[in-house]
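1. what's the 3D shape of this:
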Amino acid sequence: MDKKLQDKEKTGFSTFFSEINFDFALKNLAYLPRWIILFIDIAIIAFSTLLTYVLLKGLKLDYFQTTHIVIALLFLLAVNTIYFWFFRTYSGIIRHSSNIDAIKLLFSQSATFGTLLFLNFVFILLKIQKPYLTTGLIINLIFSFSFLFLYRMMVKYIFEKYFTEMSKTKKMKALIYGSDANAIAVANALSSESPGKFNLVGFVDKSNQNSSKRILGLPILKIRKTIPVLMRSMNIEALIFADNSLSKNDKSVIIEECIEYNFKVFTVPTISDWEDQKEITKSIKNIEIQDLLERKPIVLDTNSISSKLKGKCILVTGAAGSIGSEIVRQVLKFNPDTLIILDQAETPLHSLSLEIIGLKENVNIKNVIADVRNLESLEKIFKEYKPEVVYHAAAYKHVPMMEENPAQAIFTNVLGTKNLADLSHKYKVERFVMISTDKAVNPSSVMGASKRIAEMYVQSKHFKHKKLGSEHQTKFITTRFGNVLGSNGSVVPLFTKQIQEGGPITITHPEIIRYFMTIPEACQLVLEACSMGNGGEIFIFDMGKPVKIIDLARKMIRLAGFKPDTDIEIKIVGLRPGEKLYEELLNNTAKNLPTHHEKIMIAEEICDEFVVVNNAIQELIVVSNDSNGELIVAKMKNLVPEFKSLNSVFESLDIEVKDSYVYTK
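-> Residues are numbered from 1 along each chain as shown. Next comes the predicted model:
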């Protein structure tokens, strides 16, 4: 440090020293002692009084009507000082002055005016010459308040413009889409934000009918061609969506046009979600890929769901996972008596427990670390808590990992499901809901085939007990859907990480497509399917339009402010073992039936008799204990004839499929 100072001294020590002191003084100017601020305020009052005196003197009038001018002046300053102290006008930090400070100043000056006016009135009653000209008091009030207020505003403006961190960086020129109360509230909040991030240029009205008007001094701009053309012509960098009357489709079109030309896009929630202006500025966020794929809100039959969950004991397996944790959050809204969150991963389960604790104080939360493959530990849980509804989300779901470890796919996805289904029937669980995947349809991977086998076991078990007329029949229900945005293993977190690292983004094939829905949307439909299910169904969800993964990657790159193939490379790495180009929601031989919910259908799948499925699964589990991959896959193909492995290690296996008795609902 000494050497650095010596070097500075050689090039001009005095300049260096003065710069340090100047910077120090500026940084601490807003935090001056209160007595200095009070002294400045009194000085402003003295200046305002002098100005009033001079102005009235020019009009041949005397502000001070008494011969004791010095006493009258000192009394005026003393009264001002008393009200400054009473209203604590000097206690705020000047550079953070707000409307509250202005109101305090107005009250103090009004009180001073009232006191001096009352003094005049008393002197008149006593038939003594009044000390102040009433007109002078009014003029002095105006001058004093104006100068005190302007002084604070000037200090605030100077600090915000020149000495805050944000003032050192260029503000983003932005348009606000919308011109209603919501848009005005957003503009007000952004204008008063300190430090500010946006430099608002104007508003955009979708109707194009108010282009001659102004809001908050800003013009309502007319869209002549498209939003990006308007933004480019005015060198605007960002668009802030504040019009909530805009349809999802129209909004998506505008967003995609903007990101196509690398404009930033931000969105804010509705005005009813805000508590104050700070909440508005905090809630402004970048448009994310979830917003582009978002569909119409799901309408749930909350009464039906509540009747199945309220006051009951609910078990969620795989609760620490992305799907399981969201099911936990959704279930909590329906006030169960007890919620058992089960997972074998300690740290994620602990994090979930910390998140939900206190959300519903009347719900007993039970954290259970257990492995669904261990029947004995699961039975202790069923025996102790006697769950009435089970959501089974625990599963291994990474396709390439299960290709390398097929035995683990059998133990977790098949044996784990079998254990839970058997215990659910034994302990008279009302509803058992299995979370499956579209990869179980015409499976091409070990993971997909293992989930299909689990589906078969759950479905055949239901039909077996229904056929036998079992008492306290558990309703076994399966839900099947595609990829969920943001889930563990989804491409979205992977792409986000790759973009943050500067690329490349890796895609297995340029033509690969997938269905997507958001995690909350998928879990809402799971709850709805649970409430409407009579048992034995495989519910499939409306996943919307399939998305080309390479298009998804390009959109994510643009949303991050980069150019695809220029700033961030997109690299094709080839299909992974077991991976399809596209996923299906229905088997080749299956039909789908509508339900009363437009987003939920029932797949009519062929189902083997329980004895056939159970025996085959028992053999599969025995084989899996030997960890012979080829033999495991051979047994899986025997059980699931439509399983066509896309793993070069397994696809050449010649399997003879035995005939089995087929039972259909």
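2. So what's the residue count around K104?
-> 22 (other Cβ atoms under 10 Å). Every residue, glycine included, has its C-beta placed from N, CA and C.
3. Same question for I37.
-> Residues near I37, counting by other Cβ under 10 Å: 19.
4. go on, the one 5 residues further on?
-> Applying the criterion other Cβ under 10 Å, we find 16 residues in the vicinity of I42.
5. Give me the distance between it and T52.
-> Going from I42 to T52 by Cβ to Cβ, to the nearest Å gives 15 Å.
6. I124 now?
-> 21 Å.
7. more neighbours, these two?
-> Legend: neighbour count by other Cβ under 10 Å for I124 and T52, higher for T52 (23 against 11).
8. Ignoring the adjacent residues along the chain, who's closest to that one?
-> Nearest non-adjacent residue to T52, counting by Cβ to Cβ, 6 or more residues apart in numbering: N140, 4.4 Å away.
9. Give me the buried stretch members for the helix or strand encompassing that neighbour, please.
-> Take DSSP states H and E as the rule and N140 turns out to sit in helix 134-158. Neighbour-count burial for helix 134-158 flags 136-137, 139-141, 143-145, 147-149, 151-152, 155-156 (criterion: 16 or more other Cβ atoms under 10 Å).
10. What helices and strands are in contact with it?
-> Applying 3 or more Cβ pairs under 8 Å, 6 or more residues apart in numbering; DSSP states H and E, we find helix 134-158 packed against helix 34-58, helix 99-125.
11. picking that back up, now flag whichever of the buried residues of helix 134-158 is closest to G503.
-> Of all the buried residues of helix 134-158, K156 has the smallest distance to G503: 42.9 Å, by Cβ to Cβ.
12. Let's have the helices and strands packed on helix 134-158 in CSV, adding distance to E598 and mean pLDDT.
-> Output for the helices and strands packed on helix 134-158, formatted as CSV (distance: least, Cβ to Cβ, whole Å; pLDDT from 0 to 100):
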stretch, distance to E598, mean pLDDT
helix 34-58, 64, 84
helix 99-125, 49, 83
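13. can you list the ones you listed in a markdown table and add distance to N419?
-> A markdown table is the format used below for those (distance: least, Cβ to Cβ, whole Å):
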| stretch | distance to N419 |
| --- | --- |
| helix 34-58 | 70 |
| helix 99-125 | 63 |
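14. Which one of the ones you listed lies nearest to V414?
-> helix 99-125 (65.5 Å).
15. Which positions within the closest one qualify as buried?
-> 101-102, 104-106, 108-109, 111-113, 115-117, 119-120, 123.
16. Show me what that helix is packed up against.
-> helix 69-87, helix 134-158.
17. Render the CA-only coordinates of the host helix or strand of V316 in PDB, please.
-> Using DSSP H and E, V316 maps to strand 313-317. Extracted in PDB, the C-alpha atoms of strand 313-317 (Å, rounded to 0.1, in the frame of the first residue of the first chain):
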ATOM      1  CA  CYS A 313     -53.600 -38.600   6.200                       C
ATOM      2  CA  ILE A 314     -51.700 -38.200   2.900                       C
ATOM      3  CA  LEU A 315     -48.400 -40.000   2.000                       C
ATOM      4  CA  VAL A 316     -46.200 -38.500  -0.800                       C
ATOM      5  CA  THR A 317     -43.300 -40.700  -1.900                       C
END
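18. Mean confidence (pLDDT) on it, please.
-> The average pLDDT within strand 313-317 is 94.
19. next one: stretch 531-548
-> 79.
20. what about V265, is that helix, strand or coil?
-> strand (DSSP: H, G, I helix; E, B strand; the rest coil).
21. I'd assumed L239 was in contact with it.
-> Yes - under the criterion of Cβ atoms under 8 Å, V265 makes contact with L239 at 5.3 Å.
22. where do the contact lists of these two overlap?
-> C258 (Cβ atoms under 8 Å, 6 or more residues apart in numbering).
23. Ramachandran angles for the residue of the chain positioned farthest from its centre?
-> The outermost residue of the chain relative to its centre, with distances by Cα atoms, centre = their mean, is K127 at 72.4 Å. In terms of degrees, to the nearest 10, the main-chain angles of K127 are phi 60, psi 40.
24. Next, count neighbours for D371.
-> Count around D371 with other Cβ under 10 Å applied: 16.
25. ok, and the closest non-adjacent residue to it?
-> That would be Q344: by Cβ to Cβ, 6+ apart, it lies 4.7 Å from D371.
26. isn't the one you found right next to S377, touching?
-> No - with contact taken as Cβ under 8 Å, Q344 and S377 are classed as non-touching, separated by 10.0 Å.
27. between these two, which one's more packed in?
-> Q344 (19 against 16).
28. measure that one to T317 for me?
-> In terms of Cβ to Cβ, Q344 sits 10 Å off from T317.
29. Need the overlap of contacts for those two.
-> 372, 394.
30. Contact partners for I513?
-> 546-549, 581-582.
31. And it, what's its pLDDT?
-> pLDDT, I513: 78.
32. which parts of whichever helix or strand M556 is part of are buried?
-> In the assignment (DSSP H and E), M556 maps to helix 549-559. Of all the residues in helix 549-559, those buried under the rule 16+ other Cβ under 10 Å are 549-550, 552-559.
33. before we move on, what about stretch 381-390?
-> In stretch 381-390, residues buried by neighbour count (16+ other Cβ under 10 Å) are 381-382, 385, 387-390.
34. Compute the number of surrounding residues for K644.
-> For K644, using other Cβ under 10 Å, the count is 15.
35. Check whether it really touches N442, as I assumed.
-> Yes - K644 lies in contact with N442 (Cβ under 8 Å); the separation is 7.2 Å.
36. Show me the helices in the stretch 351-500 of the chain, by range?
-> Applying DSSP state H, counting those that start in this stretch to the stretch 351-500 of the chain gives helices spanning 375-385, 399-404, 406-409, 416-426, 446-468, 491-500.
37. Which of those helices sits closest to Y83?
-> Here helix 491-500 is closest among the helices of the stretch 351-500 of the chain (Cβ to Cβ), at 56.0 Å.
38. tell me the angle of the closest one relative to helix 549-559?
-> 50 degrees (axes from the mean of the first three to the mean of the last three Cα atoms, to 10 degrees).
39. now helix 491-500: mean pLDDT?
-> Rounded mean pLDDT across helix 491-500 is 80.
40. mind listing what's buried in that helix?
-> 491-492, 495-496, 498-499.
41. Reformat the residues you listed as TSV; add distance to I37.
-> Output for the buried residues of helix 491-500, formatted as TSV (distance: Cβ to Cβ, whole Å):
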residue	distance to I37
V491	57
V492	52
F495	53
T496	48
Q498	53
I499	49
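42. Tell me the one of those residues nearest R514?
-> V491 (7.7 Å).
43. So I540 sits against K599, correct?
-> No - I540 is beyond contact range of K599, at 9.8 Å (criterion: Cβ under 8 Å).
44. Show me which of these two is the more surrounded one.
-> Shown here are I540 and K599; by other Cβ under 10 Å, I540 has more neighbours (27 against 20).
45. re earlier: specify which member of the buried residues of helix 491-500 is nearest to V331.
-> V492 (24.5 Å).
46. Roughly how far does the closest one sit from N625?
-> For V492, the distance to N625 - Cβ to Cβ - is 37 Å.
47. Give the buried residues for the helix or strand that the strand holding V316 is followed by.
-> Using DSSP H and E, the helix or strand that follows strand 313-317 towards the C-terminus is helix 322-332. Neighbour-count burial for helix 322-332 flags 322-328, 330-332 (criterion: 16+ other Cβ under 10 Å).
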